[in-house]
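Visitor: Mind looking at a prediction? Sequence and model below.
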Amino acid sequence: GDSVTQMEGPVTLSEEAFLTINCTYTATGYPSLFWYVQYPGEGLQLLLKATKADDKGSNKGFEATYRKETTSFHLEKGSVQVSDSAVYFCALSGHGSSNTGKLIFGQGTTLQVKP
Amino acid sequence: SQTIHQWPATLVQPVGSPLSLECTVEGTSNPNLYWYRQAAGRGLQLLFYSVGIGQISSEVPQNLSASRPQDRQFILSSKKLLLSDSGFYLCAWSRKGSYYEQYFGPGTRLTVT
């Protein structure tokens, strides 16, 4: 079945460092891909998405490119801030989700940015 | 615009007591609705989803149940809480059709003592 694998955390960076959080997937067909962010004590917020191969999603300085050849959707940011400290979830909406809208989530990666 | 509400925000309940968590969505009609649980430091576990009024699908057999009495209302219940029911409960909605994103509510923190 469909699955999402994220790099294990926590990831600890200094402010203004470059961020990469790896995400790879297994899916039948052509899924849509998402990154969500969860700040402490809050629900998940959609950060960015890509719906077809080679699409680049971007928001708030974060970017991710849908790479079908490597089945990846890595999250990047050029210069992180303390306020980016959160848990990041990669997710896909796959072949079996057309009627239910169900998403498959990765296990989440905790990012801690130190001043 | 669409908004999703959950209440209560926090809840402390003794073992064996009943539970009712409510989720409502505004600004859309006929959404798909979802209940997730997130244990401390863990990922998301999908508990139930609903594609319409009275239509509930369970993902994980457990001590909980869900109901959808109205189009934009989703309720999570239990007759007798267990310690293992503690966690952060999230409601979400999505539009009908293929490959749409989900939008999450603020969550309910449940502690069973």
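Guide: Structure received.
Visitor: what's the burial count for residue A:52?
Guide: Using other Cβ atoms under 10 Å in any protein chain shown, residue A:52 has 12 neighbouring residues. Where C-beta positions appear, they are placed from N, C-alpha and C, glycine not excepted.
Visitor: ok, it - contacts?
Guide: A:30, A:66 (Cβ atoms under 8 Å, 6 or more residues apart in numbering or on different chains).
Visitor: Report pLDDT for the residue lying closest to residue A:18 once chain neighbours are set aside.
Guide: Closest residue in space to residue A:18, ignoring its immediate chain neighbours: residue A:78 at 5.9 Å, by Cβ to Cβ, 6 or more residues apart in numbering or on different chains. pLDDT recorded at residue A:78 is 97.
Visitor: isn't residue A:78 right up against residue A:20?
Guide: No - the criterion here is Cβ atoms under 8 Å, and residue A:78 misses it with residue A:20 at 10.5 Å.
Visitor: So, low pLDDT: which residues of chain A?
Guide: By pLDDT under 70, the low-scoring segments of chain A are A:95-98.
Visitor: interface residues of it facing chain B?
Guide: Residues of chain A lying close to chain B (Cβ under 8 Å from any Cβ of the partner chain) are A:31-32, A:34, A:36, A:41-46, A:49, A:51, A:89, A:93, A:97-103, A:105-108.
Visitor: Repeat the analysis, applying 10 Å as the threshold.
Guide: By Cβ under 10 Å from any Cβ of the partner chain, the residues of chain A that approach chain B are A:6, A:30-34, A:36, A:38, A:41-46, A:48-49, A:51-52, A:87, A:89, A:91-95, A:97-108, A:110.
Visitor: Tell me how many other residues crowd the residue nearest to residue A:18.
Guide: Other residues lying near residue A:78 total 11 when counted by other Cβ under 10 Å.
Visitor: rewinding a little: which of the residues of chain A next to chain B count as buried?
Guide: Buried subset of the residues of chain A next to chain B (neighbour count, 16 or more other Cβ atoms under 10 Å in any protein chain shown): A:6, A:31-34, A:36, A:38, A:43-44, A:46, A:48-49, A:51, A:87, A:89, A:91-94, A:97, A:100-108, A:110.
Visitor: Those in helices, which ones?
Guide: Using DSSP state H, the subset of those located in helices is empty.
Visitor: one step back: hang on, isn't the residue nearest to residue A:18 packed against residue A:13?
Guide: No - applying Cβ atoms under 10 Å as the test, residue A:78 and residue A:13 come out as separate, 11.9 Å apart.
Visitor: Now do the shared contacts for the two.
Guide: Each of residue A:19 lies in contact with both residue A:78 and residue A:13 under the rule Cβ atoms under 10 Å, 6 or more residues apart in numbering or on different chains.
Visitor: Beyond the strand or helix carrying residue B:67, next helix or strand please.
Guide: Secondary structure assignment for residue B:67, by DSSP states H and E: strand B:65-70. Next along the chain after strand B:65-70, taking DSSP H and E as the criterion, comes strand B:73-78.
Visitor: what's residue B:62 sitting at in phi/psi?
Guide: For residue B:62, the backbone dihedrals (degrees, to the nearest 10) come out as phi -170, psi -170.
Visitor: now the end-to-end length of stretch B:36-44.
Guide: Start to finish, the residues bounding stretch B:36-44 are 6 Å apart (Cα to Cα, to the nearest Å).
Visitor: The residues of chain A next to chain B in strands, which ones?
Guide: The strands, defined by DSSP state E, take in A:6, A:32-34, A:36, A:38, A:44-46, A:48-49, A:87, A:89, A:91-93, A:104-105, A:110 from the residues of chain A next to chain B.
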